[in-house]
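Enquirer: Pasting a predicted model and its sequence here:
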Amino acid sequence: MFQLTPVVRNLLLINVAVFVIEAVGGYNFADLFGLRYPLASQFAPHQIITHMFVHAGVGHLFSNMLSLAIFGPMLEQYWGGRRFLTFYLVCGLGASLLHTLVNAYEIHQAYQMVEQHTASLSYAEKDQVWDAFNRMANTPMVGASGAIFGLLMAFGMMFPEMEIFMMFFPVPIKAKYMVWIWGGLEIFSVLKAAPNDNVAHFAHLGGMLFAYFMIKSWRRRGEI
């Protein structure tokens, strides 16, 4: 861990470079490259990839890159650079897919609810409703978190008995239990559904799910 391998090093450099360029240049990369709902007015195909390399702040970037530096090198050494990069990107794409599907469901449910009461709304109220829908659809998702949660799942599956220290946890814990803890926290966050929570928890779960099935598939084919 922390002996950076080539793909991990390059991913770190790209993410940090994007963040620095955004900060120094005064750009809003979330607005330009964040992933939006596919039917939204501001959606663009490149966002499917670019959102994984944009972060919402220093803390967001630091936590993701720290996890990448901790868990990525051992997986890259074990799998090789090409397989590791494929895994990382597929987990990120899988995370965005689940997030988008959930987003589509939520927008559809809200739309149906409004349609049932639209006759009782004034023109001004209708305009406010459609503005809210537009904001919901065009709120960008950014970050490598989906891919990172995929790495956490992979680490727990590939090195289940390895003991690691988790932040704010005083004793070492086996990697296989770490995965259950993180997954459980994400499910709890989804069920709790705090109104001001702007974390894409379904993207985290999507990264973990795609990681699980990818590794299972590779194992069935005898590739790892």
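Expert: Nice, thanks for sending it over. Treat the numbers as computed from the prediction; the structure is a model and nothing was measured.
Enquirer: Identify the residue nearest residue 162 in space, chain neighbours excluded?
Expert: Leaving out its chain neighbours, the residue that sits closest to residue 162 by CB to CB, 6 or more residues apart in numbering is residue 175, at 4.8 Å. C-betas here are computed from N, CA, C, even on glycine.
Enquirer: What are the boundaries of the strands in this structure?
Expert: Assigned by DSSP state E, the chain shows strands spanning 163-164, 173-174.
Enquirer: List of residues touching the first one?
Expert: When contacts are defined by CB atoms under 8 Å, 6 or more residues apart in numbering, strand 163-164 is touched by residues 172, 173, 174, 175, 178.
Enquirer: burial of the closest residue to the last one other than its chain neighbours, as a residue count?
Expert: The shortest distance from residue 178 to any residue other than its chain neighbours is 5.9 Å, reached at residue 156 (CB to CB, 6+ apart). The number of residues packed near residue 156 is 26, by other CB atoms under 10 Å.
Enquirer: Equivalent analysis for residue 82, please.
Expert: 10.
Enquirer: ok, it to residue 144 distance?
Expert: Using CB to CB, to the nearest Å, residue 82 is found at 19 Å from residue 144.
Enquirer: where's the helix or strand bottoming out on mean pLDDT in the chain relative to the chain centroid, distance-wise?
Expert: Here the helix or strand of the chain ranked lowest by mean pLDDT, DSSP states H and E is helix 123-138, holding a mean of 72. How far helix 123-138 lies from its chain's middle: 27 Å, per CA atoms, centre = their mean, to the nearest Å.
Enquirer: Ok, stretch 3-15 next?
Expert: Distance, stretch centre to chain centre, for stretch 3-15: 18 Å (CA atoms, centre = their mean).
Enquirer: same check, this time on stretch 16-33
Expert: Counting by CA atoms, centre = their mean, stretch 16-33 comes out at 18 Å from the chain centroid.
Enquirer: What is the end-to-end distance of that stretch?
Expert: Distance across stretch 16-33, first residue to last, is 15 Å (CA to CA, to the nearest Å).
Enquirer: what residues does that stretch touch?
Expert: For stretch 16-33, contacts defined as CB under 8 Å, 6+ apart pick out 46-47, 50-51, 53-56, 58, 61, 65, 140, 142.
Enquirer: Which ones among the residues you listed map onto helices?
Expert: Mapping these onto helices (DSSP state H) picks out 47, 50, 58, 61, 65.
Enquirer: In JSON lines, list those residues along with distance to residue 99 and neighbour count.
Expert: Listed next are the ones in helices among the contacts of stretch 16-33 as JSON lines, based on distance: CB to CB, whole Å; neighbours: other CB atoms under 10 Å:
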{"residue": "47", "distance to residue 99": "12", "neighbour count": "22"}
{"residue": "50", "distance to residue 99": "15", "neighbour count": "17"}
{"residue": "58", "distance to residue 99": "23", "neighbour count": "10"}
{"residue": "61", "distance to residue 99": "19", "neighbour count": "19"}
{"residue": "65", "distance to residue 99": "21", "neighbour count": "20"}
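Enquirer: Start and end of stretch 181-201, how far apart?
Expert: 14 Å.
Enquirer: Give me the mean pLDDT for it.
Expert: When pLDDT is averaged along stretch 181-201, the result is 77.
Enquirer: This completes my enquiry, with thanks.
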